[in-house]
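J.: With the sequence up front, the predicted model follows.
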Amino acid sequence: MGNNALQANPPVDVQQHITVRGSDWLWAVFAVMLFTDLCVMAWHFMVPRGQRVFHQLAIIILTTAAIAYFSMASNLGYTGVATEFGSEGFPAGVNRQIWYARYIDWTITTPALLLMLVLASGLPLSDIITLIFFDLVMIITGLIGALVESSYKWGFYAFGCAALFYIWWLLGGPARQSAGVLGAGYRRAFTSSAALLSFLWLLYPIAWGLADGANVISPDSEMIFYGILDLLAKPVYTILHLFMLSRLDLTALQLSSGKFTTSAVTGPHDVEKTGRHHYGTDAAVAGTAGAVGTGATTGTTHHTGKKNFFGRKGQYDATPGNTTNNTVGTHDAPNPPRPSEATAVSH
Ligand code: RET
């Protein structure tokens with residue numbers, strides 16, 4: 001079956017636009033995104049409920065990317081913007097395709113990519129919120145810059161680059177340090193994933209400068225450049241990251257909501273004014289568990305269970321003696337002990 005996307009949706013109001021070959025490439029990227037997405041969907045069912053957050057983020061990323069590539073391959077999701085500089089035999093001022101679909105994709109996927117990384121680092125919530133804010137600043141200034149016709153577009157580009165510098169600093173400094181507190185395994189996984197992400201993210205503003213910015217490369221070449229980057233930053237990065245995390249016991253991160261997993265075993269439990277939860281099992285004798293996932297810097301965590309993403313176990317060791325004190329401050333209510341059988345029913 002031929003690719004007739006450009007006949008069904010002919011370029012409107014643009015002189016510099018993708019060709020059928022560009023669209024063919026975009027269909028191929030769409031197929032890879034969709035296939036990887038379906039694989040991760042199948043994989044995530046093998047992970048206990050309550051420990052699926054990284055897989056679910058990967059699904060969010062890949063689903064969004066698949067839809068964005070479907071749109072671009074169909075020659076939909078762009079607008080025409082007059083170029084600042086001429087190229088390919090076209091003078092300056094003719095309309096080039098600017099793909100807002102790409103920026104909508106990034107608005108969803110880049111925060112999700114960062115969350116995949118920093119949720120496994122124990123970074124405090126306030127830093128995570130600020131990180132996501134500057135990520136959105138980066139993408140939205142990139143979109144506005146791409147839509148601006150005059151040289152003022154480079155002002156927006158500069159704001160975006162400044163935001164990227166903040167992201168690099170946070171990942172390389174506080175987040176890496178925080179992952180180190182979680183243990184050597186977490187530090188290793190974080191360092192390699194953050195290095196790959198930081199390197200790939202350096203290439204995006206270069207592609208922007210050559211395409212949306214200075215109009216040096218054609219829309220087809222732009223699609224190849226961003227397409228290769230997106231394949232590396234989405235399917236390749238997420239699968240690598242998920243495999244690295246699969247060797248770690250994720251319960252140390254305390255990311256499980258605990259509602260489904262604990263109530264199934266213990267029934268309803270109350271929270272008294274002291275902030276202490278009462279479970280209907282012997283686990284209450286375990287005392288308090290350390291708040292590793294909230295940025296405690298000195299605690300160590302003891303947890304047991306199969307160190308395997310596919311495993312059904314992997315929860316806090318709620319036996320007496322294996323307790324950790326939260327040393328962050330007395331204003332932090334102690335975390336509830338977790339019944340040791342809790343996640344056994346959570347699938
Ligand atoms: C823009 C232009 C403004 C300056 C900067 C940019 C960086 C964009 C990046 C995008 C990453 C996208 C990814 C998508 C995959 O899902 C917006 C191009 C710095 C880093 C990883």
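T.: Happy to help now that I have it.
J.: contacts, neighbours, all on C-alpha from now
T.: Fine.
J.: How many neighbouring residues does the residue of the stretch 1-150 of the chain found nearest the ligand have?
T.: Residue nearest to the ligand within the stretch 1-150 of the chain (C-alpha to the nearest ligand atom): residue 142, separated by 3.7 Å. The number of residues packed around residue 142, counting by other C-alpha atoms under 10 Å, is 25.
J.: close enough to count as contact, it and residue 158?
T.: No: look at residue 142 against residue 158 with C-alpha atoms under 8 Å: they stay out of range, at 9.1 Å.
J.: Can you show me the helices along the stretch 1-150 of the chain?
T.: With helices called from DSSP state H, counting those that start in this stretch, the stretch 1-150 of the chain shows them at 5-8, 20-44, 53-73, 100-118, 125-147.
J.: Which elements pack onto the first one?
T.: Counting contacts by 3 or more C-alpha pairs under 8 Å, 6 or more residues apart in numbering; DSSP states H and E, helix 5-8 packs against helix 20-44.
J.: tell me the angle the helix it packs on makes with helix 53-73.
T.: 160 degrees (axes from the mean of the first three to the mean of the last three C-alpha atoms, to 10 degrees).
J.: Need the residues that contact helix 20-44.
T.: 3-6, 52, 55-56, 58-59, 62-63, 65-67, 69-70, 72-75, 219-221, 223-224, 227, 231, 235 (C-alpha atoms under 8 Å, 6 or more residues apart in numbering).
J.: mind running it again at 7 Å?
T.: With C-alpha atoms under 7 Å, 6 or more residues apart in numbering as the test, helix 20-44 has contacts from 3, 6, 52, 55, 59, 62-63, 65-66, 69-70, 72-73, 220, 223, 227, 235.
J.: Of all the residues in that helix, which ones are buried?
T.: 20, 22-27, 29-30, 32-37, 40-41, 44 (16 or more other C-alpha atoms under 10 Å).
J.: Just give me how far that helix sits from the chain centre.
T.: 18 Å (C-alpha atoms, centre = their mean, to the nearest Å).
J.: And for stretch 231-250?
T.: 11 Å.
J.: Ok, stretch 138-157 next?
T.: The mean C-alpha position of stretch 138-157 is separated from the chain mean by 24 Å, C-alpha atoms, centre = their mean.
J.: now do stretch 111-126
T.: 8 Å.
J.: Contact residues of the chain facing the ligand?
T.: 106, 109-110, 138-139, 141-142, 157, 160-161, 164, 201, 204-205, 208, 230, 233-234 (C-alpha under 6 Å from any ligand atom).
J.: tell me which element the closest residue to residue 193 other than its chain neighbours falls in.
T.: With sequence-adjacent residues excluded and distances taken as C-alpha to C-alpha, 6 or more residues apart in numbering, residue 193 is closest to residue 241, at 6.2 Å. Assignment of secondary structure by DSSP states H and E places residue 241 within helix 237-245.
J.: Need the pLDDT of the residue of the stretch 1-150 of the chain closest to the ligand.
T.: pLDDT, residue 142: 98.
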